[in-house]
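**Q** need a 3D model of the sequence below.
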Amino acid sequence: MRSLAQLLAAIALMLTSAVPSAQPRFGLSPEAYAVFNRWMLASCIGGDEQALAASLRQYPQPLTKAFQQAITTGPSAAELASVRSGAEQRYANRQKFPLSEFRIEGVSPEDLARFNRVSRQQYVDDQVRRYTAGYRSNAVAGLGVIASPEARAQLERIARNSRDPLAPAAREALKSNR
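**A** All right, here's what the predicted structure looks like:
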């Protein structure tokens, strides 16, 4: 009887522990997180920008906070690990391609030599850096779409800081909602 009680207590502990870990990032509801995630992973080649922007405006308060946190914290460790893994695979595939067996036009020999000198670590780090910059830029653009007073205030702070790499994106986001 005692072991059954211990087993039930262990199961109850596991179930209650699993609930908080299943929470979407930034404390968003599952619906708001789905919109947030679609926006953060979108590129400008999507085609459904208007529908996605309208979806953002359905959750202005929670998404404003989430975008502000995304600007500060960047992608999650899991997202960065996924990007890193993908970049390592692309680098491995790139190394298998025999450039010397093809005539390549429109690229200088110096550029080809520079391409061949990039190490795995340099390539992967560059891809992670680019992803992080894009992620944070998407958060800035999201604030621009929401355009609440709190979102605009954040964009104005970023835009005024000439040393912030997001300043141009913030200025553009402010322009688009005048």
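**Q** from the chain's centroid, how far away is the longest helix along the chain?
**A** Secondary structure of the chain per DSSP state H: the longest helix is helix 120-146. Helix 120-146 has its C-alpha centroid displaced from the chain centroid by 6 Å (C-alpha atoms, centre = their mean, to the nearest Å).
**Q** check which helices and strands it is in contact with.
**A** helix 30-41, helix 49-56, helix 60-73, helix 77-96, helix 149-160, helix 167-176 (3 or more C-beta pairs under 8 Å, 6 or more residues apart in numbering; DSSP states H and E). Heads up, the C-betas are built off the backbone N, CA and C, glycines and all.
**Q** residues in contact with the second one: which ones?
**A** Contact partners of helix 49-56, identified using C-beta atoms under 8 Å, 6 or more residues apart in numbering, comprise V35, R38, W39, A42, G46, L63, G142, V145, I146.
**Q** I figured the fourth one hits N138, correct?
**A** Yes - A42 sits in contact with N138 when judged by C-beta atoms under 8 Å, with a separation of 6.9 Å.
**Q** when those two are compared, which one has more neighbours?
**A** Taking other C-beta atoms under 10 Å, A42 and N138 do not tie; N138 has more neighbours (21 against 15).
**Q** per-residue pLDDT, the spatially closest residue to that one that is not a sequence neighbour?
**A** Distance criterion C-beta to C-beta, 6 or more residues apart in numbering; nearest residue to N138, sequence neighbours excluded, is M40 at 5.1 Å. On the pLDDT scale, M40 is placed at 91.
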